[in-house]
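**Student:** this one's structure only:
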């Protein structure tokens, strides 16, 4: 006759079983909802400031049939045009100060409202944002030669920008507050789950940046509480030359866009050089 488990052992086994169920349920919840954690889109249509630069709204069509909102300002003669990929959880209107600084220097831009953001249709995924970037590139490249275009990403948008720059020519690639991958950003916050095995949208810029064949500038604030400064430095280390790193002392994630930063970017681009002209 089989002896029953001692009470203490039964309790221990039950405790392990309950813990395993709770852990498994928590991991399953995070896995199923990971895109809700990664993306926080503001789906509302954005309003262009009537007192700002003469920006106009344009419509971009993606390969999978989504309709995107883009904000466009043409550049002055001889000045660059930025293909801008924004950050997360914000609409296009929040970058008003950036638009003014570009406009003051005669630069143009196309800011892409990702799917699910700023009145664009669809839901964000890594593959979807890659198609959004292609749509922005196609629209802008139909109007300007690659030597006029600067691919520019901020925060989440740096992963979008690196992927595009790895396969498309441009004047330069400018990355503000970038990361090596979104898995590297998420890992400290979810140390209790196997992030590398479960994360779907990884935006692995460290893997892709070696294929970029244009000058690269990385800007990062050394007090960034959202994307650690060390990740921007690590991406710079992995990037091919020519490249430049601008450390912004005492600057947090949301305070990068300043005259000092723009002056450094203009110096990097050599925006007054005749190579930018048609």
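**Tutor:** Nice, I can see it. Source: prediction; values computed, not measured. Numbering: from 1, shown residues only.

**Student:** what kind of secondary structure is the closest residue to residue 156 other than its chain neighbours in?
**Tutor:** Excluding its sequence neighbours, the residue lying closest to residue 156 (CB to CB, 6 or more residues apart in numbering) is residue 88, at 4.1 Å. In short, each C-beta sits where N, CA and C put it, glycine included. Three-state call for residue 88 (DSSP: H, G, I helix; E, B strand; the rest coil): coil.

**Student:** quick one: residue 88 and residue 124, what's the gap?
**Tutor:** 9 Å (CB to CB, to the nearest Å).

**Student:** ok, these two, which is more surrounded?
**Tutor:** residue 124 (21 against 17; other CB atoms under 10 Å).

**Student:** got the confidence number for that one?
**Tutor:** pLDDT, residue 124: 96.

**Student:** what's the answer for the one 3 residues further on, then?
**Tutor:** Residue-level confidence at residue 127 comes out at 97, pLDDT.

**Student:** that one and residue 53, how far apart?
**Tutor:** 32 Å.

**Student:** neighbour count: these two, which is higher?
**Tutor:** residue 53 (17 against 11).

**Student:** ok, the more buried one - contacts?
**Tutor:** Listed by CB atoms under 8 Å, 6 or more residues apart in numbering, the contact set of residue 53 reads 73, 99-100, 102-103.

**Student:** and the two most separated of those?
**Tutor:** Across those, no pair lies farther apart than 73 and 100, at 10.4 Å, counting by CB to CB.

**Student:** more neighbours: which of these two?
**Tutor:** Set residue 73 next to residue 100 and count neighbours by other CB under 10 Å: residue 73 wins out with 19 against 14.

**Student:** quick check, that one in contact with residue 101.
**Tutor:** No. Residue 73 lies out of contact with residue 101 (CB atoms under 8 Å); the separation is 11.8 Å.

**Student:** show me the chain divided up by domain.
**Tutor:** Using automatic domain parsing, the domain parsing of the chain gives 1-32, 42-276.

**Student:** what's the burial count for residue 83?
**Tutor:** 27.

**Student:** what helix or strand does it sit in?
**Tutor:** Counting by DSSP states H and E, the element that carries residue 83 is strand 81-85.

**Student:** what's the mean pLDDT across that strand?
**Tutor:** 98.

**Student:** cool, stretch 132-149 as well?
**Tutor:** On average, stretch 132-149 scores 97.

**Student:** distance between the ends of that stretch?
**Tutor:** 17 Å (CA to CA, to the nearest Å).

**Student:** now stretch 176-189
**Tutor:** Taking CA to CA as the criterion, the two ends of stretch 176-189 lie 22 Å apart.

**Student:** which outside residues touch the helix or strand in which residue 218 is found?
**Tutor:** Using DSSP H and E, residue 218 maps to strand 216-221. Residues outside strand 216-221 that contact it (CB under 8 Å, 6+ apart): 172-178, 209, 227, 229, 232-233, 235-236, 239-240, 242-248, 250-253, 255-256, 261, 264-265, 268.

**Student:** buried ones only from those, please, as a PyMOL command.
**Tutor:** Applying 16 or more other CB atoms under 10 Å to those leaves a buried subset, and the PyMOL line that selects it is:
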select buried, resi 172+173+174+175+176+177+178+209+227+229+232+233+235+236+239+243+244+246+248+251+253+256+261+264+265+268
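
**Student:** filter the contacts of strand 216-221 down to the ones in helices?
**Tutor:** 229, 232-233, 235-236, 261, 264-265, 268 (DSSP state H).

**Student:** please enumerate the helices of the protein.
**Tutor:** Using DSSP H, helices in the chain cover 7-32, 34-38, 96-104, 126-141, 156-165, 182-186, 195-198, 205-208, 229-238, 259-269.

**Student:** for the second one, packing partners?
**Tutor:** If contacts are counted by 3 or more CB pairs under 8 Å, 6 or more residues apart in numbering; DSSP states H and E, helix 34-38 sits against helix 182-186.

**Student:** if we can go back for a sec, just send the contacts of residue 53 back as CSV, with distance to residue 8 and pLDDT too.
**Tutor:** Formatted as CSV, the contacts of residue 53 follow (distance: CB to CB, whole Å; pLDDT from 0 to 100):
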residue, distance to residue 8, pLDDT
73, 72, 98
99, 68, 97
100, 70, 97
102, 70, 97
103, 73, 97
